[in-house]
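Engineer: build me a structure from this.
(chains A and B)
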Amino acid sequence: KQEVTQIPAALSVPEGENLVLNCSFTDSAIYNLQWFRQDPGKGLTSLLLIQSSQREQTSGRLNASLDKSSGRSTLYIAASQPGDSATYLCAVGGNYGQNFVFGPGTRLSVLP
Amino acid sequence: NAGVTQTPKFQVLKTGQSMTLQCAQDMNHEYMSWYRQDPGMGLRLIHYSVGAGITDQGEVPNGYNVSRSTTEDFPLRLLSAAPSQTSVYFCASGRNPYYEQYFGPGTRLTVT
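Structural biologist: You can find the predicted model right below:
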């Protein structure tokens, strides 16, 4: 059974820092991995989707990498801003009844 | 283009009552799914559909029914509400399970 973990559970950094969020999964036979952002009381917003054949994806200040063989993905946020404060979730897609398995999330606070 | 919409935003039910959570998308996506999000449990898949007329169970289907008569709509029915169904419910859609998933804003349900 696929299990997804995210470290750290919570992170607080001063504005301007570069930071890395980690996602680990137990079964490397994945189709893709998606990073989401969730603001308090809101739905999930897709940030980046990496297909299993890709090593990384970039969007603005965000860069996500994928290492299938080691079961890891990282989300790199450059020059963090207070508006980046949210919970970040990773979700792994594979042959699990055609659905995504979500990690528990990392709650990020960027202090002005 | 409204994306994924959910109604209602909030609902309070008494134990034993039934209700339907509505979900609609205007992106012509074949794949739609329902998740529940609980503190400490993350997002868990309830039911999903790969197209009109086709539905299947996810990880936690008990107490819920779904149907998919059109591509656009995927309602979730609670047959006899129980306090254990107090949660935040999210609907999502995508071209298929292996593409980017788009989430609705959620329905916060309380069962007393």
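
Engineer: what parts of chain A come near chain B?
Structural biologist: Residues of chain A lying near chain B by C-beta under 8 Å from any C-beta of the partner chain: A:31-32, A:34, A:36, A:42-46, A:49, A:51, A:89, A:91, A:93, A:97-100, A:102-105. Every C-beta, even on glycine, is put in place using the N, C-alpha and C of the backbone.

Engineer: so which residues on chain B come close to chain A?
Structural biologist: So chain B meets chain A at B:4, B:31, B:33, B:35, B:40, B:42-45, B:48, B:50, B:56-59, B:90, B:92, B:97-106 (C-beta under 8 Å from any C-beta).

Engineer: quickly find the element holding the nearest residue to B:Phe74 once chain neighbours are set aside.
Structural biologist: Leaving aside its chain neighbours, B:Phe74 sits nearest to B:Met32 (4.1 Å; criterion: C-beta to C-beta, 6 or more residues apart in numbering or on different chains). Using DSSP states H and E, B:Met32 sits in strand B:31-38.

Engineer: who does that strand pair up with?
Structural biologist: Here strand B:31-38 is paired, per DSSP bridges, with strand B:42-51 (antiparallel), strand B:87-94 (antiparallel).

Engineer: buried deepest among those strands, which one?
Structural biologist: Highest mean neighbour count of the strands paired with strand B:31-38: strand B:87-94, a mean of 23 (counted as mean count of other C-beta atoms under 10 Å in any protein chain shown).

Engineer: can you give the contact residues for that strand?
Structural biologist: A:43-44, B:4, B:6, B:21, B:23, B:25, B:27, B:29, B:31-38, B:43, B:46, B:74, B:76, B:100-104, B:106-109 (C-beta atoms under 8 Å, 6 or more residues apart in numbering or on different chains).

Engineer: CA atoms only for the strand holding B:Met32, dumped as PDB, please.
Structural biologist: Provided in PDB are the C-alpha atoms of strand B:31-38 (Å, rounded to 0.1, in the frame of the first residue of the first chain):
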ATOM      1  CA  TYR B  31     -12.500  12.000 -14.100                       C
ATOM      2  CA  MET B  32     -14.200  13.300 -11.000                       C
ATOM      3  CA  SER B  33     -13.700  12.300  -7.400                       C
ATOM      4  CA  TRP B  34     -14.800  13.000  -3.800                       C
ATOM      5  CA  TYR B  35     -12.500  13.300  -0.800                       C
ATOM      6  CA  ARG B  36     -13.000  14.000   2.800                       C
ATOM      7  CA  GLN B  37     -10.400  15.800   4.900                       C
ATOM      8  CA  ASP B  38     -10.100  15.200   8.600                       C
END
